[in-house]
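>>> Predicted model, plus sequence, below.
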Amino acid sequence: MPEIVRTAPGLRPDAVGAPSLAELTTLRVGGPADRYVEAHSEAELVDTVRAADEVGEPLLVIGGGSNLLVGDEGFGGVVVRDLRRGITVDAEDSCGGASFHAPAGQDWDELVARAVAEEWVGVEALSGIPGTVGAAPVQNIGAYGQEVAGVISTVRVWDRERSRVRTLALGELAFGYRTSLLKRSMHVTVDPAAGDRDAEGAGTDGPWYPSPRYVVLDVGFQSRLGSLSAPVAYPELARTLGVQVGDRAPSADVRDAVLALRARKGMLLDGVGPDVVPVAAGEGASGEAGPDHDRWSAGSFFTNPVVPADQADLLPAEAPRYPVRSATPSRTTGPSLGEIDPTLVKTSAAWLIEHAGFTKGFGVHGPSSLARLSTKHSLALTNRGGAGAEDLVELARAVRDGVLDAFGVELVPEPVLVGVSL
């Protein structure tokens, strides 16, 4: 067996043997897997997936482990971790912009840093998002008014149903708010060739769950060239930069501003972005500064609700309301935001949570709770150092049910739940 590469969020360099899911995820919960495989090449990744499917062995493909909540019993199947790295420039010129691709295992924020340095426009506001390139199109990751769908050109996948490599073009990926054809394929059998674009299958685990039918091999990107960012779409980021919504700013400034905002909210992994104030006494051993447990999370645990405009009218007047835009830019002749859908409104999950009575630091069992809301951001559920999966599920249920009772809006979890349910 090859030596295990101990670089995941909770892996101890001195540990031996196969890691538990707690060592492989940013929430740092989850029991052991029946089997653990590290893929260092595309062939190793495909062979592992194909072999598992041939014998009906459950499969969990992971990258950075930043969007997973795994049960304390672990995973009764094979966990395969993609360790491939590298960014390849396919073409770059003033007319066509930059075309580049990266394997699924490539660290996402490293790609963003490279893009900003090379003046590839369109991912600067996605700085600091934990995880890997392969997860980006599955979730259609987004932050501060920007989504990865705006720069993706193709996704090469291993199609577990057809047992072959396929290349999916942008139009086939059916991107939406924190979703895609890839994500939907975890729950139902979908095929772009058959026009299966809209079946969501929410709450129904399909035959491929908890990994998609389409296992991402690499992602192709197409970006404009320039030192200025894409139009800034998020009011908080615009204020931080001192610009108006819709204006552009130097991409390097956008990256720095986003990293600073994420740091203040505890939404960065250790070693990423600017330093933050050390954790308060009592969090670490003997009252000394210890791990920043606000970073022991899966980021935003719930997606921001997108509701019909008439339902948004029933929310309190002070509840935030944001336009719902198409996942891709409205025009291709220059930098632009997506088209606004007037029938839908996006509101803030964090606002709903706090105004339903769940303040930062809330725990079901008080300050001693093993799982609590982050002390910096109410949308992050955190492991305070000894939580199990059920502690986090208990907290998530309390928050979800409280928001539903207060506002009639049901929050939807963002992480993939493995061996647990809300």
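Ah, there it is. Numbers count the residues shown, from 1 in each chain.
>>> Output the longest strand belonging to this protein.
strand 214-225 (DSSP state E).
>>> Return the backbone torsion pair for Ala51.
Main-chain dihedrals, Ala51, degrees, to the nearest 10: phi -60, psi -40.
>>> For the helix or strand following the longest strand of the chain, buried residues please.
Once the chain leaves strand 214-225, the next helix or strand it forms, by DSSP states H and E, is helix 235-241. Buried residues in helix 235-241, defined by neighbour count with 16 or more other CB atoms under 10 Å: Leu237, Ala238, Thr240, Leu241. To be clear about C-beta, it is placed using only N, CA and C from the backbone, and glycine gets the same treatment.
>>> which residues touch the third one?
Counting by CB atoms under 8 Å, 6 or more residues apart in numbering, Thr240 makes contact with Ala257, Ala260, Leu261.
>>> Measure how buried the second one is and give me the count.
Spelled out, it's Ala260. 17 (other CB atoms under 10 Å).
>>> same thing with the last one?
Under the neighbour criterion other CB under 10 Å, Leu261 is assigned a count of 21.
>>> Shouldn't it be within a helix?
Yes - judged by DSSP: H, G, I helix; E, B strand; the rest coil, Leu261 forms part of a helix.
>>> Output stretch 314-331 in CSV with nothing but the alpha carbons.
Output of stretch 314-331 as CSV, limited to C-alpha atoms (Å, rounded to 0.1, in the frame of the first residue of the first chain):
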residue,chain,number,x,y,z
LEU,A,314,-44.4,38.0,3.8
LEU,A,315,-41.0,38.4,5.5
PRO,A,316,-40.3,41.3,7.8
ALA,A,317,-39.5,44.5,6.0
GLU,A,318,-36.0,44.6,7.4
ALA,A,319,-35.2,41.0,6.1
PRO,A,320,-32.5,41.2,3.4
ARG,A,321,-33.6,40.8,-0.2
TYR,A,322,-31.2,40.1,-3.1
PRO,A,323,-31.9,39.6,-6.8
VAL,A,324,-31.7,36.1,-8.1
ARG,A,325,-29.4,36.1,-11.2
SER,A,326,-28.7,33.5,-13.8
ALA,A,327,-25.6,31.4,-13.1
THR,A,328,-23.8,32.6,-16.2
PRO,A,329,-23.2,36.2,-17.3
SER,A,330,-26.1,37.9,-19.3
ARG,A,331,-23.8,38.8,-22.2
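>>> ok now that stretch, how far from the chain's centre?
Relative to the chain's own centre, stretch 314-331 is displaced by 20 Å; criterion: CA atoms, centre = their mean, to the nearest Å.
>>> Next: stretch 140-159.
On CA atoms, centre = their mean, the centre of stretch 140-159 falls 11 Å from that of its chain.
>>> quick one: buried residues of stretch 106-124?
By 16+ other CB under 10 Å, the buried positions in stretch 106-124 come out as 106-109, 111-116, 118-124.
>>> picking up where we left off before, from the buried residues of helix 235-241, which two are the most distant?
Greatest spatial distance among the buried residues of helix 235-241 (CB to CB): Ala238 and Thr240, at 7.3 Å.
>>> what touches both of these two?
Counting by CB under 8 Å, 6+ apart, nothing touches both Ala238 and Thr240.
>>> Pull up the pairing partners for the longest strand of the chain, direction included.
The strands beside strand 214-225 in its sheet (DSSP bridges) come out as strand 97-103 (antiparallel), strand 120-121 (antiparallel), strand 152-159 (antiparallel).
>>> OK, contacts around Ala135?
Gly63, Gly64, Ser66, Asn67, Ala104, Trp108, Ile141, Val216.
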